[in-house]
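K.L.:
Starting from these lines, generate the structure:
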Amino acid sequence: MKTFARPIDLGRLSRAAAAIGLCALVAACGGGGGGGGASLPIVTTPAATTTTTTTTTTTPSSGATPAASTADSNVVAISVDTGPAGATGQVNIPYVKVTICTPNSTSACQTIDHVILDTGSEGLRLVSSALTNRAALPQQMDSSGNPYAECAQFASGFTWGSVRTASISVGGETAASVPVQIIGDPDIAAVPASCGSAGAAQDTVASFGGNGLLGVSVFRQDCGSACAAAAIAGTYYSCPGNTNCTPAKIPVTQQVSNPVPFFAADNNGVLVQMPAIAAGGATNPTGTLVFGIGTRSNNALGNAKAYATNGQGSLSTTVDGSTYGDSFIDSGSNFLYFDLATLAACSQNGFQGFYCPASTTTLNGTVTGSNGSTGSFTFGIANAVNALNANPSATAFSNIGAQIDSAGSFDYGLPFFYGRNVFTAIEDASTPAGNGPYFGF
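P.N.:
Model (predicted):
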């Protein structure tokens, strides 16, 4: 799920959402990472209408680090299931458990499941209704003592809520005091017009697709120096007396932040490990999120290659003769999103925007990092109608693609992760393959 771009680009900002179930099936959507690049919101599975033959495809394996054990303190389980109550029917949405506490407390805590894992954005965002200890999380204030609020605008809507401080624990790793967004916080003022104009509010578990979102991208904050230097409508706001919120500058240290750099150890990036799945889909597959790159034996790079990102967090991709200069690796996008004229689009009601080739089409791609690293990969795109209808109980598919609203973008959504180990190195952090930001696989 992409949120803010660096520098802020309202075109990118409006395309931001994939990881969080933000759009219905009427149009195919995907997610994306913050700090740059593009992304769109999640698509839920349509009800099966016919039974057809399942198409086939394969996902290559990187042959990198063996799967980590959740017994290790830097590891947490990933589940790809139907989501929390009220948000059922999700496909290709990776969930983790997160524990939040009052800063510096070990007792005033709550563990929240079904938090969407997003390598394409920064920071923890929790739906207010999923919290029991919201009031125990201090609000971030400006220099005049007014509470900050944040607007995150996405392709089909927006999230609006307070900026609070929490201790965040995932697995055995803890960030002691980090700004987070509380979506739909009833203690913050009403949505200002410059935020609400983005579309529908996505402030419930049902509309969000999860109880929250954990953004662990290549960037540290969701806006950075741009929002520290100027008040930018549609991002951060100051709310005097919790009324009449107006756009405001906000120091980098008070912005919603990726918690990983704030861990005491294993804080230079993450590794996402997902199993390969059958061409016809899978039900409730599990994987692992491993913190750190090269900090332990369970997060070694192995034979993975580092692809450095540019200042927008993007790579370059070429597929079937088409080049996508704004490409990003995004676990928060539930399908592969790109524009390719040679692929037939679906025409059936409810499937517009998906690809529906007559039979599974194998495509060859090349990815290039800003450091000159190049690599090749092969992927299949199945007929989305046939695949989804043939296995309506499946929660994971590796071979479904959809169109994106930016011709120059290629969104490596969760299907890219199946059968691969994918590393995300944080900006300026030291790793065995050099400093981030980069993706490795």
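K.L.:
Any stretches of this protein with poor pLDDT?
P.N.:
Low-confidence segments of the chain (pLDDT under 70): 1-66, 154-156, 198.
K.L.:
any idea where the helices of the stretch 301-441 of the chain begin and end?
P.N.:
Per DSSP state H, counting those that start in this stretch, the stretch 301-441 of the chain carries helices over the ranges 384-390.
K.L.:
All the strands of it, in order from the start?
P.N.:
306-308, 315-319, 322-329, 336-337, 361-368, 374-381, 401-402, 409-412, 421-425, 438-440 (DSSP state E, counting those that start in this stretch).
K.L.:
Single out the most deeply packed of those strands.
P.N.:
strand 409-412 (a mean of 30; mean count of other C-beta atoms under 10 Å). C-beta: built from backbone N, CA, C; applies to glycine.
K.L.:
Pull up the gap between the closest residue to Ser238 other than its chain neighbours and Ala189, please.
P.N.:
In space, and not counting its chain neighbours, Ser238 is closest to Ala248: 3.7 Å by C-beta to C-beta, 6 or more residues apart in numbering. Distance from Ala248 to Ala189, counting by C-beta to C-beta, to the nearest Å: 13 Å.
K.L.:
bridging residues for Ala77?
P.N.:
Thr288 (DSSP bridges).
K.L.:
Can you get me a residue count around it?
P.N.:
13 (other C-beta atoms under 10 Å).
K.L.:
Tell me if I'm right that it and Val96 touch.
P.N.:
Yes: using C-beta atoms under 8 Å, Ala77 is in contact with Val96, at 7.1 Å.
K.L.:
List the residues that contact Asn268.
P.N.:
With contact set as C-beta atoms under 8 Å, 6 or more residues apart in numbering, Asn268 has these partners: Val260, Pro261, Gly292, Ile293, Gly294, Thr295, Ala425, Ile426, Ala429, Ser430, Thr431, Gly436.
K.L.:
go with 7 Å
P.N.:
Applying C-beta atoms under 7 Å, 6 or more residues apart in numbering to Asn268 gives the contacts Gly292, Ile293, Thr295, Ala425, Ile426, Ala429, Ser430, Thr431, Gly436.
K.L.:
okay, the strands of the stretch 301-441 of the chain in JSON lines with distance to Ser194 next?
P.N.:
Formatted as JSON lines, those follow (distance: least, C-beta to C-beta, whole Å):
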{"stretch": "strand 306-308", "distance to Ser194": "35"}
{"stretch": "strand 315-319", "distance to Ser194": "32"}
{"stretch": "strand 322-329", "distance to Ser194": "26"}
{"stretch": "strand 336-337", "distance to Ser194": "27"}
{"stretch": "strand 361-368", "distance to Ser194": "37"}
{"stretch": "strand 374-381", "distance to Ser194": "39"}
{"stretch": "strand 401-402", "distance to Ser194": "30"}
{"stretch": "strand 409-412", "distance to Ser194": "25"}
{"stretch": "strand 421-425", "distance to Ser194": "32"}
{"stretch": "strand 438-440", "distance to Ser194": "33"}
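K.L.:
among these, which is nearest Gly83?
P.N.:
Gly83 lies closest to strand 401-402 among the strands of the stretch 301-441 of the chain, at 19.2 Å (C-beta to C-beta).
K.L.:
Which residues does the closest one contact?
P.N.:
Ala28, Gly30, Phe335, Leu336, Tyr337, Phe338, Gly353, Phe354, Tyr355, Ile381.
K.L.:
which one of those residues is nearest Thr318?
P.N.:
Lowest distance from Thr318 to the contacts of strand 401-402 (C-beta to C-beta) belongs to Phe338, with 11.1 Å.
K.L.:
Test my guess that Asn92 contacts Ser398.
P.N.:
No: Asn92 lies out of contact with Ser398 (C-beta atoms under 7 Å); the separation is 8.7 Å.
K.L.:
overlap in contacts of these two?
P.N.:
The contact sets of Asn92 and Ser398 overlap at Pro415 (C-beta under 7 Å, 6+ apart).
K.L.:
Give me the phi and psi angles of Ala87.
P.N.:
In terms of degrees, to the nearest 10, the main-chain angles of Ala87 are phi -140, psi 40.
K.L.:
For Asn303, see how far away it is.
P.N.:
Ala87 is 37 Å from Asn303, by C-beta to C-beta.
K.L.:
for the stretch 1-150 of the chain, what spans make up the helices?
P.N.:
10-14.
K.L.:
Show me what Val98 bridges to in the sheet.
P.N.:
Beta-bridge partners recorded for Val98 (DSSP bridges): Ile112.
K.L.:
what's around it, how many residues?
P.N.:
Val98, neighbours per other C-beta under 10 Å, totals 26.
K.L.:
Touching, it and Ser167? I think so.
P.N.:
No: assessed by C-beta under 7 Å, Val98 is found out of contact with Ser167, at 10.8 Å.
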